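1. How does the following fold in three dimensions:
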Amino acid sequence: MTARNSIIPVFVPHLGCPNDCVFCNQRRISGHTEPATAQTVKNAIEEAAALTPQGTKRQLAFYGGSFTAIPEGAQTELLEAAQPYLESGVISSIRLSTRPDAIDETVLKRLKKYGVEVIELGAQSMCDKVLLLTGRGHDSADVENASRLIKSRGFGLILQMMTGLPGDTDESCIETAKKIIALAPDGVRIYPTVIVRDTVLCDMWRAGTYKEHSVEDAVRVCAKIVPLFDEAGIPIIRMGLNPTEDLSGGDALGGAYHPALGELVRSRMMLEKARAGLASVARGSRVTIGVNRSDVSKMTGQHRCNIAALTEEFGLASLKIHEANVKSGQIIVGTID
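-> Model prediction:
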C-alpha cells in the first residue's frame, strides 16, 4: 500500500520581506498574524502526527514567501525545532517558500544541513517591467540565477507565477510561462491576481490606475498557459489562491478569486478543443462529444455553460457529452444521423 502524503503548514508571514509588493497582505491572504516560533513548529507537527495514520509521509512546509530573508537566527530556531521529528521519522522532509533574491551558496548550505528538500520561489513574473511596477524588488535574472543554483545543489524546485499583475498582458503571461518552463522546475503554482483589502493594489484599483483581472480574464489567459506546462510535463500544483475564511468573508474585494478556478480553466481548455473539433460540422447537426470519465464535468461546463455555448455558436440541433475510452484531455466528436 502506498503511503499517504500530508503537508504540515507553518506560516511565516512578512517577517523577512524587504519589499511591500502591491498585491500582498499576507495576514489577510493566509489568515495568520502571529510570528512563527519553535513552539509553533512543534505544535503543528505533533497535532498532524496525532491526526494522521501511522506510515503517513508528512512534510513540514514553511509558507509566507520570504523564509530565507528572515534573520538567520530565526531561520535556525524554526529549522532546529523540526530536527527531532525529522530524525525520528515523524516528518519525512521539509520544504519552504522564499524570494529569488534571498538565495545564495551560504543559504543553501544551511538549508541542506537542516534537511530541507524542496524550495519554492515566488517568481511571479519573468517580465522586468511587471516586476518593477509590482514592487517585487528583484528582476527576472534573480529568478533564473536562484533557480539554477537550487537545482545544481540537489533541491527540488517549485516556481510560482501570477497573472494579471500591473503591466501584465496575456502575451507577457505566456512569455513568463515559457521562461519558467525553460528553468525546468519540478512543479508550478499559478496565482491570478486577487485584489485584497488593505494593499497598495487595492488603492490603485480604487483610484482607477489598475484594471481588475477578473475571473474571466484569469480563465482566458490560464487556458493558454496551462497547456504549455502540460506539454512540458511540469505539474501544476495549484491554480488560484487557497480559499480562506478571511478572503471568502470579504477581504477579497475583486480580481480572480474563485474556489474552483482550476476547474474553470480546465473546462475552458475542453471548450476550446471542442470548438476545434466542431469546425467542420454542419449547422443543425445532432452531435456527441466523447471524453474521458474524469473530463465529463469539465466538458459540460459549470451550469452546462459549455454545452450552451457550443450549441448556440455552431447552431447544433443537440449536443450530448458521454464517457469514451480516451485519455484525459482528449475528445471524440461524432454526429447522429
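2. And the contacts of the one helix or strand residue 221 maps to?
-> Using DSSP states H and E, residue 221 sits in helix 215-232. Helix 215-232 is contacted from outside by 163-164, 170, 173-174, 177-178, 181, 188, 190, 192-193, 235-236, 239-240, 256-258, 261, 264-266, 268-269, 272, 329, using C-beta atoms under 8 Å, 6 or more residues apart in numbering. C-beta: built from backbone N, CA, C; applies to glycine.
3. Quick one: buried ones out of those residues?
-> 163-164, 173, 177, 181, 188, 190, 192-193, 236, 239-240, 256-258, 261, 264-266, 268-269, 329 (16 or more other C-beta atoms under 10 Å).
4. Now go through these and say which are in helices.
-> Among those, DSSP state H puts 173, 177, 181, 261, 264-266, 268-269 in helices.
5. what sits against the closest residue to residue 24 other than its chain neighbours?
-> With C-beta to C-beta, 6 or more residues apart in numbering as the criterion, residue 24 has its nearest non-adjacent residue at 6.4 Å, and that residue is residue 199. Contact analysis of residue 199 by C-beta under 8 Å, 6+ apart lists 22-25.
6. still on that earlier bit, export the ones in helices among the buried ones among the contacts of helix 215-232 as TSV, with columns for pLDDT and distance to residue 285.
-> Shown next, in TSV, are these (pLDDT from 0 to 100; distance: C-beta to C-beta, whole Å):
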residue	pLDDT	distance to residue 285
173	98	36
177	98	36
181	98	38
261	95	33
264	97	27
265	97	28
266	97	26
268	98	23
269	97	23
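7. Tell me the one of these nearest residue 37?
-> Comparing these against residue 37 with C-beta to C-beta places residue 261 closest, at 33.3 Å.
8. Contacts only, for that closest one.
-> Residues in contact with residue 261 (C-beta under 8 Å, 6+ apart) are 192, 215, 218-219, 222, 239-240.
9. which residues sit in contact with residue 115?
-> 79, 82-83, 86, 93-94.
10. Could I get the phi/psi values of it?
-> phi 80, psi 20 (degrees, to the nearest 10).
11. got it, and residue 11?
-> phi -90, psi 130.
12. That one and residue 239, how far apart?
-> Distance from residue 11 to residue 239, counting by C-beta to C-beta, to the nearest Å: 21 Å.
13. so how far does stretch 132-147 reach from one end to the other?
-> 20 Å (C-alpha to C-alpha, to the nearest Å).
14. What of stretch 312-329?
-> The straight-line separation of the ends of stretch 312-329 (C-alpha to C-alpha) is 23 Å.
15. follow-up on the earlier one: okay, the ones in helices among the buried ones among the contacts of helix 215-232 in JSON lines with distance to residue 144 next?
-> Formatted as JSON lines, these follow (distance: C-beta to C-beta, whole Å):
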{"residue": "173", "distance to residue 144": "18"}
{"residue": "177", "distance to residue 144": "15"}
{"residue": "181", "distance to residue 144": "13"}
{"residue": "261", "distance to residue 144": "28"}
{"residue": "264", "distance to residue 144": "31"}
{"residue": "265", "distance to residue 144": "26"}
{"residue": "266", "distance to residue 144": "29"}
{"residue": "268", "distance to residue 144": "30"}
{"residue": "269", "distance to residue 144": "28"}
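16. how about those residues, which pair is most distant?
-> Longest span within these, C-beta to C-beta: 181 and 264, 22.4 Å.
17. what are the ranges of the strands in this structure?
-> In the chain, strands defined by DSSP state E lie at 5-11, 57-63, 93-98, 116-124, 156-163, 187-192, 194-196, 236-239, 252-255, 286-291, 318-323, 331-336, listed in chain order.
18. CA atoms only for stretch 112-130, dumped as CSV, please.
-> The C-alpha trace of stretch 112-130 is given here as CSV (Å, rounded to 0.1, in the frame of the first residue of the first chain):
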residue,chain,number,x,y,z
LYS,A,112,20.8,21.3,3.2
LYS,A,113,22.3,20.9,6.7
TYR,A,114,18.8,21.0,8.2
GLY,A,115,17.2,18.6,5.8
VAL,A,116,15.3,21.0,3.5
GLU,A,117,14.4,19.1,0.3
VAL,A,118,12.2,21.5,-1.7
ILE,A,119,12.4,25.2,-2.3
GLU,A,120,9.6,27.3,-3.7
LEU,A,121,10.5,30.6,-5.3
GLY,A,122,8.0,33.4,-5.8
ALA,A,123,9.0,34.4,-9.4
GLN,A,124,5.5,35.9,-10.0
SER,A,125,6.6,37.3,-13.4
MET,A,126,9.6,37.0,-15.8
CYS,A,127,8.8,40.4,-17.2
ASP,A,128,11.1,43.0,-15.6
LYS,A,129,8.6,45.8,-16.3
VAL,A,130,5.9,43.9,-14.5
